[in-house]
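**Q** A predicted structure for the sequence below; I have some questions about it.
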Amino acid sequence: GEDVEQSLFLSVREGDSSVINCTYTDSSSTYLYWYKQEPGAGLQLLTYIFSNMDMKQDQRLTVLLNKKDKHLSLRIADTQTGDSAIYFCAVYFVTAGNKLTFGGGTRVLVKP
Amino acid sequence: EPEVTQTPSHQVTQMGQEVILRCVPISNHLYFYWYRQILGQKVEFLVSFYNNEISEKSEIFDDQFSVERPDGSNFTLKIRSTKLEDSAMYFCASSERVAEAFFGQGTRLTVV
C-alpha cells in the first residue's frame, strides 16, 4: 500500500540550512507536496513538485526528488526562527485515488 | 489571497451528540475534501466531494459521517453520534483540479 515516512525532529541553528527528508513506498506518485503547520494553525501549502522533475527551487526552498530511491527532501536556506514549525510531506498516489497520503510530520526547531 | 475558512475553530461536544463542522472552500474550486488528524497521529483522508457527490471515501468515513454542500459556498461534515475516538483536528481542503489541495485552519473537535 501507499505509505509516507518522515523523521520526527530536526534542530537547526538560525542562519544554517535545514534539510527535511521524506520517503514513500509507491512509484505511482505524481505530485509531492510540502506543507507547514505552525502552532494552532492549519496546513499551509509551501511548495510541490511533479514526479517528472528532479528539483524545484522557490526562494529559500529547494525540493529534491530522487525517484529511484523514492526520496523527497525540502531544504530551507538561511533558516529563521519563524521557520520553526511542523513540516508535512504529502504524496498524491495515482493508485490511491484523489487524495493525499501524509507523512507523520517533522518538527523543526530553530535555535537562535 | 483566497483561503479556505473553517468554523468553529474549537467544538466541544458530549458523546452521542451530533456535530456539524463548516467550511467555506475557495470560490472557484471544484474539489472538496475532509481530512482529520488525531493527536499524535498522521493526517488521514476522510472523503472527497466533486460535482455534488462523494467521489471517494476512506474506511473511517462510515455511516456516522456525511457531507453536504447545501449552497454554493458552504461544505459541511456531519457526525451523527459522536464517539470519544472522533476527537481530532478536522481539516477541510479544496482544489481547482485534482491534487494541489489548499487547507483550512482546522476545527478541533473534543468529544467528552
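**A** Structure's in. What do you need?
**Q** end-to-end on stretch A:17-34?
**A** Stretch A:17-34 has an end-to-end distance of 16 Å (CA to CA, to the nearest Å).
**Q** which bits of chain B sit near chain A?
**A** Contacts of chain B with chain A, taken as CB under 8 Å from any CB of the partner chain, map to B:4, B:6, B:31, B:33, B:35, B:41-45, B:48, B:50, B:55-56, B:58, B:91, B:93, B:98-106. For glycine as for every other residue, the C-beta is placed from the backbone atoms N, C-alpha and C.
**Q** and with 6 Å instead?
**A** Taking CB under 6 Å from any CB of the partner chain as the test, the list of chain B residues beside chain A reads B:42-43, B:45, B:48, B:56, B:98-99, B:102-106.
**Q** format those as CSV; extra columns: secondary structure.
**A** Putting the residues of chain B next to chain A into CSV (DSSP: H, G, I helix; E, B strand; the rest coil) gives the following:
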residue, secondary structure
B:42, coil
B:43, strand
B:45, strand
B:48, strand
B:56, strand
B:98, coil
B:99, coil
B:102, strand
B:103, strand
B:104, coil
B:105, coil
B:106, coil
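**Q** burial count for residue B:111?
**A** The burial metric for residue B:111, expressed as a neighbour count using other CB atoms under 10 Å in any protein chain shown, is 19.
**Q** list the contacts for it?
**A** The neighbours of residue B:111, taking CB atoms under 6 Å, 6 or more residues apart in numbering or on different chains as the test, are B:13, B:15, B:82, B:84, B:86-87.
**Q** farthest pair within the residues you listed?
**A** Based on CB to CB, the longest span within those runs between B:13 and B:84 and measures 10.7 Å.
**Q** more neighbours, these two?
**A** Neighbour tally, residue B:13 and residue B:84, criterion other CB under 10 Å: the higher count belongs to residue B:13, 16 against 9.
**Q** quick check: bridge partners of the closest residue in space to the more buried one that isn't next to it in sequence?
**A** When the adjacent residues along the chain are set aside, residue B:13 lies closest to residue B:19, with 5.1 Å between them (CB to CB, 6 or more residues apart in numbering or on different chains). Partner residues in beta bridges with residue B:19: residue B:79, with DSSP bridges as the criterion.
**Q** how much space separates residue B:19 from chain A?
**A** With the distance defined as CB to the nearest CB, to the nearest Å, residue B:19 ends up 19 Å from chain A.
**Q** isn't that residue up against residue B:77?
**A** No. Proximity of residue B:19 to residue B:77 does not meet the contact threshold set by CB atoms under 6 Å, at 8.5 Å.
**Q** no more questions from me, cheers.
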